[in-house]
Each structure stands twice: as C-alpha cells, then as structure tokens.
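# Build the 3D model from these lines:
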Amino acid sequence: MKKHLLVFCILWIGISNLKAQRIEIKTNQFDSITFISKRKDLNNLDASSFKKLSSEANGVKLPYRLLSPKKLKTGAKYPLIIALHNSTRLGNDNESQLEPLTRTWLKDEIRTKFPAFVLAPQFETRPTQYAKNEAFGTFTATPQENLKALILLVENLMKNPQIDNERIYLIGYSMGGSTAQHLLSQKPDWFAAMISVAGVPDVSNLPNIKNKPIWLIHGRKDDENPFNGSDKLFEQLKGNKKARFTIYENLDHNTINFPLLGTDELAKWLFKWRR
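Purely as a prediction, here's the structure:
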C-alpha cells in the first residue's frame, strides 16, 4: 500500500509540474560578432514579398507591409501573424518597421515550414506610453488613440477568407511587445497567442487574458524596459498553464533579440495554439 501511495505521489507531482507555468532561465552570453552577422543576414533578405500597403481610419494613416504564404493554395486558410516594431522604427516610410525579428519570417525555411500571412504595421507616433504604476510596483503601459487604426485594419483582414481567424498571433519587441499586450487586452477573443519581448506590461484587463497563451521574454539586465515589469505580470498569470516566461540572465534591452533572430522557436510555439 505504501509503495502504491509513493508511486501515486511521484506521478501526481510529475503531472502537476507538466501543467504548471513554464519558467526558463537561460545564461546565453552575448556575442557581438555573431549578433552583427545575424542582423546583416536578415537585413540582406529581399523584402519585396512584403507588399507595401496603407490604410486610414479616423484621419490616422497606417502604412503597413503584408507578407503572404509562399504558395497560396485555393480554399486553404492560413494564420495571421501581427509583428510589431520597437520605438526606433517609428515613421511613415513603410520600410523601417521590418526590423530583424520581423524579417525572420522572410527566411525561406520558415516561410516553407510555417506558411502564414505576416502583417507589419508602422506607427508614426507611439501607440503606447509608459508611466510608473504605484499600485503595481513598476512601470505599466497605456494604449494611445492611434492603436484604433490597427484594430480596424486587423478587423478588415479577418474578413479575408484565406486568413484563419482561429490562428491570429501577436509578437512584438520593446514598444512592440507592449503594443501586442494592448491588442490582447483590448481584443482577447481575437488572438490565439502572444509573444512579448522586453515589453512594459498592460495590466488593464488581466481577468480576460490570464488564461491566454502568453510567452514573455525578457533580459534580467534590461534597464530600459525594466525586467520586473514582465516578472510581475507573470506573477499575475499564476495558474495559467499556457503561460511561459523566458529569462535571459546576461542580456539587456538591446541584446535580448540575439538568441531569437533567425530561429524557428518562436514560430513553433505560436503555431501550437488555436483560439
């Protein structure tokens, strides 16, 4: 009897751990030469497949690029990935929002293995602002009016019969990570999963997002968008078996993308989820 009880306890602990939130501590060392090489390779990719388009809502113009699956099959449906840029890419040239992390979707092997539409909008002014939140104990992010233009654009794209509305994903770095959180908070029923890299948290709608597939990625040494924002947000997701938090002990705000560029790890995780 005692033996059976011991086996049961071991199995129960194992199952509980499998179902628990996933926290990963990584100790990658930054290699500037490799980082520069990765960025150069991605920046040299031909981006003409990202079609140049523009939309306008309530007087706000929103230039954007849209990448289609490499081979569109008649009648097939594909995920929509919304890739959101950082604050250094603000503007209206409809070019600079294609930062290296977004350009990863141009890699031939990723386009082949993970066929999807990829939307890369460009904001002229910040779609998010940060302020110290005394109650939360760190900075939090607040959406701005121009975010409505993107919401309307996504709503229109959802009418495309080849976009699978059950598989709309958000991913963003820095300001883009915060913007991704705003979209998830404002339209939690639209999105299947979100990845926020080095973002400042949006805690405005925690009850309706706390069980969503959310992957937070942050560098412990980040002193621009403080690490403790993601840390505290992850605490609020306690009990969410679909939440994941990757902490890079040795990386800061400007180096956090180093291990993410060119890999298919992010795509693999996103593509696991349906709304």
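# And the helices in the stretch 1-150 of the chain?
2-19, 32-43, 100-103, 108-113, 147-157 (DSSP state H, counting those that start in this stretch).
# Going by neighbour count, which residues in the second one are buried?
Using 16 or more other C-beta atoms under 10 Å as the test for burial, helix 32-43 gives 35, 38, 39, 42. Glycine gets a C-beta too; all of them are placed from N, C-alpha and C.
# what do you get for the last one?
Of all the residues in helix 147-157, those buried under the rule 16+ other C-beta under 10 Å are 147, 148, 149, 150, 151, 152, 153, 154, 157.
# closest to residue 230 among the residues you listed?
residue 147 (20.5 Å; C-beta to C-beta).
# circling back to that earlier point, and the helices of the stretch 1-150 of the chain, which one is worst for confidence?
Mean pLDDT across these is lowest at helix 2-19; the value there is a mean of 42.
# Also compute the angle for the lengthiest strand in the chain relative to helix 147-157, please.
Assignment by DSSP state E gives strand 163-173 as the longest strand of the chain. With axes from the mean of the first three to the mean of the last three C-alpha atoms, to 10 degrees defining the directions, strand 163-173 sits at 150 degrees from helix 147-157.
# Show me the contact partners of strand 163-173.
Residues outside strand 163-173 that contact it (C-beta atoms under 8 Å, 6 or more residues apart in numbering): 77-86, 99, 101, 117, 154, 157-158, 178-180, 183-184, 190-199, 256-257, 266, 270-271, 273-275.
# cool, stretch 73-80 as well?
Outside stretch 73-80, the residues touching it (C-beta under 8 Å, 6+ apart) are 69, 72, 114-119, 154, 157-158, 161-164, 167-169, 192, 270-271.
# Mind pulling up the pLDDT for the nearest residue to residue 174 once chain neighbours are set aside?
In this structure, residue 174 finds its nearest non-sequential neighbour in residue 86, 3.8 Å apart by C-beta to C-beta, 6 or more residues apart in numbering. On pLDDT, residue 86 comes in at 97.
# If you tally nearby residues, what's the number for residue 86?
For residue 86, the count of nearby residues is 23 (other C-beta atoms under 10 Å).
# heads up, I number from 22, so please use that
That works, and once the first residue is 22, the last one we named lands at residue 107.
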